[in-house]
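J.: Model the structure of this input:
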Amino acid sequence: MKKAGILNRWSLVQTGEHTGLLIAEFDTKAKMNKYAKALAAVRRDVEAETGQQSWIYSGTVKASG
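T.: Numbers count the residues shown, from 1 in each chain. Next up is the predicted model:
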């Protein structure tokens, strides 16, 4: 996705022993939607095979302070 110019940056943060958080940055909402659609099928397959759960939150994250 990064090579295709859809994804600007991403980082993966381990939040627990078996949990993590993927943070992705996009130029436009259209690119974010394209990314989400492309990975939805992959996510469903991984969830079905492993019994894992996943959620997607999309929107602007604002810093406080």
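
J.: Any idea which residue is closest to the centre of this protein?
T.: Nearest to the mean C-alpha position of the chain, by CA atoms, centre = their mean, lies residue 22 at 5.2 Å.

J.: For that residue, give me its contacts.
T.: Contact analysis of residue 22 by CB atoms under 8 Å, 6 or more residues apart in numbering lists 10, 11, 12, 13. (C-beta placed from N, C-alpha, C; glycine too.)

J.: Go through the residues you listed and flag which are in helices.
T.: Assignment to helices by DSSP state H places none of these there.

J.: Let's see if you can find the most crowded of the residues you listed.
T.: residue 10 (13 neighbours; other CB atoms under 10 Å).

J.: Is it correct that it is in contact with residue 24?
T.: Yes. At 4.5 Å, residue 10 counts as touching residue 24 under the criterion of CB atoms under 8 Å.

J.: what's the distance between the residue nearest to residue 54 when sequence neighbours are not counted and residue 27?
T.: Nearest residue to residue 54 in three dimensions, chain neighbours excluded: residue 43, at 5.7 Å (CB to CB, 6 or more residues apart in numbering). Distance, residue 43 to residue 27, using CB to CB, to the nearest Å: 22 Å.
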